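[1] Next come a sequence and a model predicted from it.
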Amino acid sequence: MCMRKLLGALGVLMVAIALFACGSDDGSNDDDGGGDGDSDTDTDSDTDSDTDSDSDTDSDSDSDTDSDNDADSDTDADSDTDSDTDADTDGNTDDGLRDFAFELPLFDPASAWNQKADNAAVLAGSDAQVLATYRVLRGDTTHLHPAFAQTDWPFPYMNYDEYSMPIFRMGTAETSVLICDYEGELGWLNDKFDMIDDGGPVDVPVPMVPVRPAGPQHTDADGHVILYNPATRETYEYWQASTQRNGECQSLGGGLEGEAILEAGYIDFHDVDGPGTNPPGYYSARATGVPLLAGLLLPEDVVSGTIKHALAFAIPCPRNLAPDPYEPLDSDVIYPAAITEGDFYSTNPDAIASGQRLRLKQTIVNDSGAVVNETSLAPITQMVLTALREYGAYLVDNSGGFILYAEDIHTAPLRISDEETNALIGADSGSVIPDDRTKWQLVIEKLIEELETIPFAYGPWSSGQDPATATVTTANFELVDNATDPG
C-alpha cells in the first residue's frame, strides 16, 4: 500500500484512543506511536499485566498454518525454533520478561536524544504555542484535520501497556514477512528495504521468543514490537505486527501472543549507536521517522537513578501547513523528526511541529494553579520531572492526548527488591508488593497518578466553556531551541 494509505491507517487508530476524560482511563491515547494511535493507553493499571496473550488462541483455528500463500510459505508460525544460534538463552526469563539489559546511553552521544536542554533558549513564540496546544488538549478542533475532538484532558499520561512498546530478543535466523496492516492493506517501506512490489515480502530477523505486539486485543491497536540484538545493538521495529490471523492479510490485531511475526503494517530498523532518526523524508514505525526506542523510558533508566536522555511525547495533530500535507514544509519537520503526519494534523501556525523540543519549567503548578511541592512527590516522579527539565522531550507522533512512553509491562524487567520498589513509589518500606502486577507496572502507575496532577498549563476553566476561548495563566511547559543536528 502506498505511504498515504499507511498514514491513513495510522490516523484511524488514533481516533480509537480512549482518553481518561472521555471514559478511558488513560487520559491519553494516541496514535501515539507510530502513526499509531496509541493513545488510549489503558491507564487501567492493567491488571492484565499480561493475561494478554491471545484471548484468541482460538479464533483462528487456522491461526495461520500457512496454507495461505504468503511469502513465507512455510514457517508462518514457527519463528525460530530452528536455526537460532543463541541457544544459550531463550530470550525470556521465568516471569516472561526480557532477559537482557540495555547498555546506556542509547544512540550517538551527539544525537538529539542525548543533548541537554536545560540551557536552551526559550523560543519567542513559546507562549503562543503553549496556548494553542492547551486549547487542543481542552478539545478545540478549530485548526485540526480532521476536525474532531481527540481529548479534553490537559494532563500528561505515560503509555505503559496498551499502545506502548514491548521489546523482545532478536534471533539470528530470517523469515519473509508481508507488509500488510490490520485493515488488510498492502504497504510500502522506506528505501532501506529493497522492495519490488507493494506488500513485499521482505526478509527480516525472527524473534527468539514468542511475541505479543502491543495491545489492545483488537485491530485498532498499534501493534508495536521492538526486536533487539544485544550483540549488534540493532533493532527491528514494527507497527501493526500480526502474530495471529485468519489468513493472509486477515490479521486478528494487536495484543495476541504468537510464535512469529507473520506480517506487519510497517517495519524499520536502526543502529542503537546511530543518530536516533531516519534520513529526511523516511517514515519509520512512527509517523515522524524516529525509532520506537528513542525517548522510551526503560527500567535501566530507573535503576541507574537518573534519566540521562530526552523523552518522546505525542499530542493531537502536529503542525502541517503545506498545501499538500504529504509534502510537508521544511519548517514543519524539525530534527530529530524525518517526516511528519499527513493525515492528522493542525493548520494552526502556532501548533507544535514534529521534532520540536518541549521543556518543563522550574516551578510548576497543579490543576488549581497552586505551586507543586515536588519534594512530596514519589522519587520516580521526581526523576521524570528532572529529565523533562534537563533533556526535554521531542514531539514524535500524533495522539489522542498528551502522551509520554514507557516500555510495555509485558516485557519490562525492573529487577529490584521490594524495598527499592517501595522507595521509588514513596510507599512504606514494609508495604506488600501485590502479586497481580509487575514492579514496573507499580512504578509507572504511581508516576501516572502524580503526573495527572500536573497539567500542560493552567488557566480558568468552566464546564461547557468553548475550548477555543481557553486562556493560560501559568504554563508548566515551554518550547525551546531545536536540537542541533550533528549532520
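    Done, it's in. Everything quoted here is computed from the prediction, not taken from an experiment. Numbering: from 1, shown residues only.
[2] any idea of the mean pLDDT in the longest strand seen in the chain?
    In the chain, taking DSSP state E as the definition, the longest strand is strand 167-179. Within the predicted structure, the mean pLDDT of strand 167-179 is 96.
[3] what's it packed up against?
    Packed against strand 167-179 by the contact rule (3 or more Cβ pairs under 8 Å, 6 or more residues apart in numbering; DSSP states H and E) you find strand 202-207, strand 225-229, strand 234-242, strand 263-271. (Each C-beta comes from the backbone N, C-alpha and C, glycine too.)
[4] most packed of the ones you listed?
    For those, average neighbour numbers computed from mean count of other Cβ atoms under 10 Å are highest in strand 234-242, which has a mean of 27.
[5] Distance from the chain centre to the longest strand of the chain, please.
    20 Å (Cα atoms, centre = their mean, to the nearest Å).
[6] shouldn't L451 be in contact with Q382?
    No: with the criterion set as Cβ atoms under 8 Å, L451 and Q382 do not qualify as a contacting pair; they are 11.5 Å apart.
[7] higher neighbour count, these two?
    Set side by side, L451 and Q382 show more neighbours around L451, with 21 against 16, by other Cβ atoms under 10 Å.
[8] any idea where the strands of the stretch 301-450 of the chain begin and end?
    Along the stretch 301-450 of the chain, the segments classed as strands by DSSP state E, counting those that start in this stretch run 311-315, 345-346, 357-360, 393-398, 402-405.
[9] Apologies, that question was intended for the stretch 51-200 of the chain.
    Shown for the stretch 51-200 of the chain, the strands assigned by DSSP E, counting those that start in this stretch span residues 144-145, 156-159, 167-179.
[10] where's K446 relative to D140, distance?
    K446 sits 31 Å away from D140 when distances are taken as Cβ to Cβ, to the nearest Å.
[11] The two - which one has more neighbours?
    Set side by side, K446 and D140 give different neighbour counts by other Cβ under 10 Å, the larger being at D140 (23 against 20).
[12] Can you tell me the closest non-neighbouring residue to that one?
    Among residues not flanking D140 along the chain, P467 sits closest, at 4.0 Å (Cβ to Cβ, 6 or more residues apart in numbering).
[13] Find the nearest non-adjacent residue to E452, please.
    Leaving aside its sequence neighbours, E452 sits nearest to F155 (Cβ to Cβ, 6+ apart; 4.6 Å).
[14] With L424 instead?
    Leaving aside its sequence neighbours, L424 sits nearest to I380 (Cβ to Cβ, 6+ apart; 4.7 Å).
[15] Could you give the number of residues near the one you found?
    Each residue near I380 was counted by other Cβ under 10 Å, and the total is 22.
[16] What of the one 10 residues further on?
    Neighbouring residues of E390 were enumerated by other Cβ under 10 Å; the total is 18.
[17] what sits against it?
    If a contact means Cβ atoms under 8 Å, 6 or more residues apart in numbering, then E390 has K116, A117, D118 as its contacts.
[18] Highest neighbour count among those residues?
    Of all the contacts of E390, the highest neighbour tally under other Cβ under 10 Å goes to A117, namely 22 neighbours.
[19] show me what contacts the closest residue to it other than its chain neighbours?
    Leaving out its chain neighbours, the residue that sits closest to A117 by Cβ to Cβ, 6+ apart is G392, at 3.5 Å. The contact partners of G392, by Cβ under 8 Å, 6+ apart, come to A117, A120, A310, L311, R357, L358, R359, L360, V480.
[20] same question, A406
    Contacts for A406 (Cβ under 8 Å, 6+ apart) come out as M158, N159, Y160, S164, L296, L297, L298, A412, W440, I444.
[21] Would you check that the third one makes contact with I409?
    Yes: between Y160 and I409 there is a contact at 5.7 Å, judged by Cβ under 8 Å.
[22] before we move on, back to that, any chance of the contacts of E390 in a markdown table with pLDDT as columns?
    Written out in a markdown table, the entries for the contacts of E390 read as follows (pLDDT from 0 to 100):
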| residue | pLDDT |
| --- | --- |
| K116 | 98 |
| A117 | 98 |
| D118 | 98 |
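[23] Using JSON lines, lay out the strands of the stretch 51-200 of the chain together with distance to Y345 and mean neighbour count.
    Formatted as JSON lines, the entries for the strands of the stretch 51-200 of the chain read as follows, by distance: least, Cβ to Cβ, whole Å; neighbours: other Cβ atoms under 10 Å:
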{"stretch": "strand 144-145", "distance to Y345": "6", "mean neighbour count": "18"}
{"stretch": "strand 156-159", "distance to Y345": "21", "mean neighbour count": "30"}
{"stretch": "strand 167-179", "distance to Y345": "24", "mean neighbour count": "22"}
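[24] Looking at those, spot the one closest to E341.
    Distances from E341 to each of these were compared using Cβ to Cβ; the shortest belongs to strand 144-145, at 9.8 Å.
[25] picking that back up, quick check, nearest of the contacts of E390 to A264?
    Distance to A264 across these (Cβ to Cβ) is lowest for A117, with 33.4 Å.
[26] which residues touch the closest one?
    By Cβ under 8 Å, 6+ apart, the residues touching A117 are A310, R357, R359, R389, E390, Y391, G392, V480.
[27] With respect to G459, which of these is nearest?
    Ranked by distance to G459 (Cβ to Cβ), the contacts of A117 are led by R359 at 19.6 Å.
[28] thinking again about what came up before, what's the spacing between the residue nearest to E452 and F477?
    Taking Cβ to Cβ as the measure, F155 and F477 are separated by 12 Å.
[29] Tell me the residues that contact both of those two, please.
    F456.
[30] Neighbour count: these two, which is higher?
    Neighbour tally, F155 and F477, criterion other Cβ under 10 Å: the higher count belongs to F477, 25 against 20.
[31] Can you tell me how far the nearest residue to that one once chain neighbours are set aside is from D435?
    Distance criterion Cβ to Cβ, 6+ apart; nearest residue to F477, sequence neighbours excluded, is L358 at 5.2 Å. Counting by Cβ to Cβ, the gap between L358 and D435 amounts to 38 Å.
[32] which one of the two has more residues nearby?
    Taking neighbours as other Cβ under 10 Å, L358 and D435 compare with L358 leading, 25 against 7.
[33] Backbone dihedrals for the closest residue to T473 other than its chain neighbours, please?
    Setting aside the residues directly before and after it, T473 is nearest to G459 in space (Cβ to Cβ, 6+ apart), at 4.8 Å. When quoted as degrees, to the nearest 10, the phi and psi of G459 stand at phi -160, psi 160.
[34] Verify the contact between G459 and Q465 for me.
    No: proximity of G459 to Q465 does not meet the contact threshold set by Cβ under 8 Å, at 10.2 Å.
[35] Looking at the two, which is more packed in?
    Regarding G459 and Q465, a neighbour count based on other Cβ under 10 Å identifies G459 as having more, with 17 against 12.
[36] Quick one: work out the angle between the longest strand of the chain and strand 234-242.
    Angle between the axes of strand 167-179 and strand 234-242 is 60 degrees (criterion: axes from the mean of the first three to the mean of the last three Cα atoms, to 10 degrees).
[37] how much does strand 167-179 deviate in direction from strand 225-229?
    Taking the same axes, to 10 degrees, strand 167-179 and strand 225-229 form an angle of 120 degrees between their directions.
[38] quick one, strand 167-179 and strand 202-207 angle?
    Computed with the same axes, to 10 degrees, the direction of strand 167-179 lies at 150 degrees from that of strand 202-207.
[39] Can you list the strands that strand 167-179 pairs with?
    The sheet places strand 167-179 alongside strand 202-207 (antiparallel), strand 225-229 (parallel), strand 263-271 (parallel), with pairing taken from DSSP bridges.
[40] quick one, helices of the stretch 201-350 of the chain?
    299-304 (DSSP state H, counting those that start in this stretch).
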